[in-house]
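K.L.:
predicted coordinates and the sequence they were generated for:
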Amino acid sequence: MRDSGFPLKVLRLVLCQAAASCGQANLTSMLAPQADRVMALGEWEERWQEDRIGFHQHHVHKMLESHIDKVLAGRTGVRFFFPLCGKAVDMKWLADMGHSVVGVEICEKAIKQFFEENNMTYSEEPVPAIPGAKVYKGSERNISLYQCDLYSFSSSIAGQFGAIWDRGSLVAINPRDREKYAALIISLMTKDCRYLLDTMLYNPELYQGPPFFVPDEQLSSLFGNSCDIKLLHSVGALTDRQRGWGLDDLTENIHLIIPKSI
Ligand SMILES: C[S@@+](CC[C@H](N)C(=O)[O-])C[C@H]1O[C@@H](n2cnc3c(N)ncnc32)[C@H](O)[C@@H]1O
């Protein structure tokens with residue numbers, strides 16, 4: 001074969017860069033329909049006040065139950081973090097198994113309902129490091145729920161976590177905040193943290209969210225530099241609720257995200 005004079009290494013580099021920028025362009029166009037959608041904290045408060053909380057489940061989430069062994073990986077007494085926790089009954093389920101739970105939720109009504117509906121007494125105290133924030137602590141179980149904006153929370157408030165259950169959180173924050181969100185989540189992970197993440201795939205042209213569409217390609221760009229990401233489960237999840245939003249197809253994906261070992 002004749003030598004073209006164009007080094008193979010350079011050709012590979014150019015092709016890789018072209019593929020990467022093509023991938024980035026694809027991702028940007030996939031995300032475009034919801035990119036500018038903003039849901040203010042006050043709108044979440046209104047939903048709670050009006051009991052428009054169709055996202056709440058009265059039972060332990062099936063995907064958490066199915067994959068709990070992979071999250072625990074043989075560990076006991078794990079510190080779990082629940083970003084945007086609502087009043088998820090999963091928190092009690094884990095605390096009953098001897099794990100501890102820290103959640104963050106903006107709406108006080110959600111936090112109070114969590115304790116009251118689960119027949120748990122609690123105390124409340126201010127959080128000096130976050131003006132206006134309060135922490136609600138279960139008296140019988142190791143559950144502390146911070147009432148504040150997630151972005152004012154950090155590892156300096158409650159340390160790092162050995163596990164994170166993210167259901168209705170990455171998919172609920174405003175799409176433009178995803179990089180900030182991922183940086184916060186990574187900063188909250190211990191080296192052996194196992195982060196279970198629930199995402200939704202659907203045609204974002206048909207519904208404005210939340211929950212928002214979060215494609216797997218974006219998970220790589222958000223977490224892939226510092227973490228390994230494994231798709232554990234992918235399941236059709238269309239119900240009448242989502243048909244009512246105008247969707248014709250919905251896939252729920254469960255990922256296990258683990259910090260790369262150095
Ligand atoms: C879709 S719900 C999911 C709740 C819970 N994870 C579940 O699965 O039932 C999202 C929750 O996040 C809360 N929220 C939204 N934005 C927040 C923020 N920036 N900081 C703290 N909480 C927030 C809302 O009040 C709401 O309860």
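P.N.:
Looks like it arrived, so ask away.

K.L.:
going by C-alpha atoms from here, please, whenever you check contacts or count neighbours.
P.N.:
Fine.

K.L.:
which bits of the stretch 151-262 of the chain sit near the ligand?
P.N.:
Residues of the stretch 151-262 of the chain found near the ligand (CA under 6 Å from any ligand atom) are 167-169, 172-173.

K.L.:
how about 5 Å then?
P.N.:
Contacts of the stretch 151-262 of the chain with the ligand, taken as CA under 5 Å from any ligand atom, map to 167-168.

K.L.:
where does the stretch 151-262 of the chain dip in pLDDT?
P.N.:
262 (pLDDT under 70).

K.L.:
mind running it again at 90?
P.N.:
For the stretch 151-262 of the chain, the stretches with pLDDT under 90 are 261-262.

K.L.:
what number of residues are in the vicinity of residue 238?
P.N.:
Look at residue 238: counted by other CA atoms under 10 Å, it has 15 neighbours.

K.L.:
and it, what are its phi and psi?
P.N.:
When quoted as degrees, to the nearest 10, the phi and psi of residue 238 stand at phi -70, psi 130.

K.L.:
what's near enough to touch it?
P.N.:
Contacts for residue 238 (CA atoms under 8 Å, 6 or more residues apart in numbering) come out as 247-251.

K.L.:
and if you look at residue 99?
P.N.:
Residue 99 sits next to 76-80, 142 when contact means CA under 8 Å, 6+ apart.

K.L.:
what's the distance between residue 127 and residue 121?
P.N.:
Per CA to CA, to the nearest Å, residue 127 is found 19 Å from residue 121.

K.L.:
all strands for this protein, in order.
P.N.:
79-82, 100-105, 122-126, 134-138, 143-147, 161-166, 189-201, 227-236, 251-259 (DSSP state E).

K.L.:
want to throw those strands into JSON lines with mean neighbour count?
P.N.:
Shown next, in JSON lines, are those (neighbours: other CA atoms under 10 Å):
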{"stretch": "strand 79-82", "mean neighbour count": "24"}
{"stretch": "strand 100-105", "mean neighbour count": "22"}
{"stretch": "strand 122-126", "mean neighbour count": "13"}
{"stretch": "strand 134-138", "mean neighbour count": "19"}
{"stretch": "strand 143-147", "mean neighbour count": "26"}
{"stretch": "strand 161-166", "mean neighbour count": "23"}
{"stretch": "strand 189-201", "mean neighbour count": "21"}
{"stretch": "strand 227-236", "mean neighbour count": "14"}
{"stretch": "strand 251-259", "mean neighbour count": "20"}
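
K.L.:
now these as JSON lines including distance to residue 215?
P.N.:
Converted to JSON lines, the strands of the chain look like this (distance: least, CA to CA, whole Å):
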{"stretch": "strand 79-82", "distance to residue 215": "21"}
{"stretch": "strand 100-105", "distance to residue 215": "24"}
{"stretch": "strand 122-126", "distance to residue 215": "38"}
{"stretch": "strand 134-138", "distance to residue 215": "33"}
{"stretch": "strand 143-147", "distance to residue 215": "29"}
{"stretch": "strand 161-166", "distance to residue 215": "15"}
{"stretch": "strand 189-201", "distance to residue 215": "6"}
{"stretch": "strand 227-236", "distance to residue 215": "12"}
{"stretch": "strand 251-259", "distance to residue 215": "9"}
